[in-house]
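[1] sharing a sequence plus its predicted fold:
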Amino acid sequence: MFDIIGPLCECYPWSDIPLLPDIGILASKDIVAIDAAALEMLLKIARNVGKEDEINSFLNVNPFILIEKAEELMLGSRKFELIEVDPVFIPPQSKVPYLRRAFKKWSLNF
């Protein structure tokens, strides 16, 4: 999941204003293809929302170097096909949260 893309490493104990919007969930059996797809999507969105300069300011190296090296080592291929999947069914929200009902049912009344 790529929900918060900020200028600092996620290891910092605080967060900053996200630079890019959430791009959703990506899945693949090919680790190189998934990295290439994610990187290309993020850079495309950065250009579309006018944040390319901000993204480039913290990219000190070419981000495709690792993808190129992984492909050279035959870990996978950077070629990918992006297939968008929309959710078919979104269950309605319960009036009483499930955990509250379960706790009430199984709690011991002392």
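    Cool, got the structure. Numbering: from 1, shown residues only.
[2] element containing the residue nearest to Leu66 when sequence neighbours are not counted?
    Among residues not flanking Leu66 along the chain, Asp35 sits closest, at 7.3 Å (CB to CB, 6 or more residues apart in numbering). For the C-beta atoms, the positions are set from N, CA and C on the backbone; glycine is no exception. For Asp35, the host element (DSSP states H and E) is helix 31-48.
[3] so what touches that helix?
    The contact list for helix 31-48, computed with CB atoms under 8 Å, 6 or more residues apart in numbering, reads 2, 5, 19-21, 23, 26-28, 52, 54-55, 63-64, 66-67, 70-71, 75-80, 82.
[4] with stretch 67-77 instead?
    Applying CB under 8 Å, 6+ apart, the set of residues contacting stretch 67-77 from outside is 30-33, 35-36, 39, 78.
[5] redo that, cut-off 10 Å
    With CB atoms under 10 Å, 6 or more residues apart in numbering as the test, stretch 67-77 has contacts from 28-36, 38-40, 62, 64, 78-79.
[6] about what we covered before: report the buried members of the contacts of helix 31-48.
    5, 19-20, 23, 55, 67, 70-71, 76, 78, 80 (16 or more other CB atoms under 10 Å).
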